[in-house]
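**Q** Fold the following and give me the result.
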Amino acid sequence: MVFDKFDGYLAAIETEMRRSFAVSAKELAPYYGMISYHLGWVDQSFCPSEQRPGKRLRPVLCLLSCEACGGDWGQAVPAAATLELLHNFSLIHDDIEDGSPQRRHRPTVWSLWGEAQAINVGDGLFAISRLALQRLSERGVSPEKIVRAFRYVDETCLQLTEGQYLDLAFEEQERVTVDMYTEMIGKKTAALMACSTQLGALLATDDEFVIDSYRSFGYQLGLLFQIVDDMLGIWGSSEATGKGVGEDIISKKKSLPVLYALQQSDELRDIYRQESMDAEQQQIVMERLESLSARQYAEEMAARYLELALDTLENTRIQNQAHENLRKIAHFLVERQH
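**A** Residues are numbered from 1 along each chain as shown. Modelled structure (predicted):
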């Protein structure tokens, strides 16, 4: 897998993330245990875990972007850690809001310790992520760039919550267009990837064209990532994704393949108007998605965003190994199975 090449990055990211957790009192150990569980460091008894952490995609994108733009990726490690912690804060809250019982092949935080504790753990991760970003000053980053980095991160956090609002609202909204969907995933998913590549470039260069280009590259990458995620949420195997089979269909998520099919099928629209969906209706939905070529449509959209992302990267005229690795990640994200 392409991420196997980044062991140096991943080790630095993990070390920096762990620096953020200091148990100040014995009674707080379970609180930090829940955070560590979600991050894959311990099991639900808070014993060290063999669980492989996620791809750490966003922090890797940040460090690669920094290196590609001529910077010292080591300077960007606190920003990379911030991005991963922010991502995980949003996942904990998303799992509660979506009622998801599993993530990464394990029970979610809320399903083990309840919604109230999970909300608090997510809030804690948000605060810890901002503290991590302050450590850019220890790496010799100028105060001006640190302030700008905080602005990027805060703007992104607001977009994340806007995107989640739209996603939840769409579940109750009968008419959702592809343009509305694209706006939603642009905020919920693409904004954080755009921030990742933008931060990496910011910490490496003062060239505003390059910084903007890398942000645009990350944004297009985020759009294709979510479209592929939508396909995996319907057709992916639970062994690969770590989520329940058909979870997105059962929860009536307005993902791209579903939106495409809803535009063409009165039967599907009738099913999605109902409060809940039984097993027979789920099967009908799957059959209609197949007959209407909804998967092919989503694949074509993902390919289109891949082309836009690669064109944006090419226009910077940067040529080095880190830049090439960003291209490889873009291709991997379209082809991934989890």
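**Q** From here on, just use CA atoms for contacts and neighbour counts.
**A** OK.
**Q** what separates residue 327 from residue 334, distance-wise?
**A** Counting by CA to CA, to the nearest Å, the separation of residue 327 from residue 334 is 11 Å.
**Q** And for residue 163?
**A** Plainly put, residue 163 is 22 Å away from residue 334 if you go by CA to CA.
**Q** So for residue 327 and residue 334, which residue has more residues nearby?
**A** Legend: neighbour count by other CA atoms under 10 Å for residue 327 and residue 334, higher for residue 334 (20 against 16).
**Q** right, and that one touches residue 302 too?
**A** Yes: taking contacts as CA atoms under 8 Å, residue 334 lies within contact range of residue 302: 6.8 Å.
**Q** Mutual contacts of the two, please.
**A** In terms of CA atoms under 8 Å, 6 or more residues apart in numbering, residue 334 and residue 302 are both contacted by the residues 224, 225, 228.
**Q** Need the buried ones from these selected in ChimeraX.
**A** Of the shared contacts of residue 334 and residue 302, the buried ones go into a single ChimeraX selection, burial set by 16 or more other CA atoms under 10 Å:
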select :224,225,228
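**Q** Show only the entries of the shared contacts of residue 334 and residue 302 found in helices.
**A** Those of the shared contacts of residue 334 and residue 302 mapping onto helices are 224, 225, 228, per DSSP state H.
**Q** Can you lay out those residues as a markdown table showing pLDDT and distance to residue 260?
**A** Output for these, formatted as a markdown table (pLDDT from 0 to 100; distance: CA to CA, whole Å):
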| residue | pLDDT | distance to residue 260 |
| --- | --- | --- |
| 224 | 97 | 16 |
| 225 | 97 | 18 |
| 228 | 96 | 15 |
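**Q** Beyond the element among helices and strands of the chain having the smallest mean pLDDT, next helix or strand please.
**A** Using mean pLDDT, DSSP states H and E, helix 238-241 stands out as the lowest-scoring helix or strand of the chain, at a mean of 61. The helix or strand immediately downstream of helix 238-241 is helix 247-250, counting by DSSP states H and E.
**Q** Need the contact partners of the helix or strand just after that following helix.
**A** Next in sequence after helix 247-250, counting helices and strands by DSSP H and E, comes helix 256-262. Helix 256-262 has contacts (CA under 8 Å, 6+ apart) with 176-178, 181, 227, 230-231, 268-269, 288-289, 292, 294-295, 297-298.
**Q** One more pass at 7 Å, please.
**A** 178, 227, 230, 268, 269, 289, 292, 294, 295, 298 (CA atoms under 7 Å, 6 or more residues apart in numbering).
**Q** what about residue 319, which SS state?
**A** Recorded secondary structure, residue 319: coil (DSSP: H, G, I helix; E, B strand; the rest coil).
**Q** got it, and residue 316?
**A** coil.
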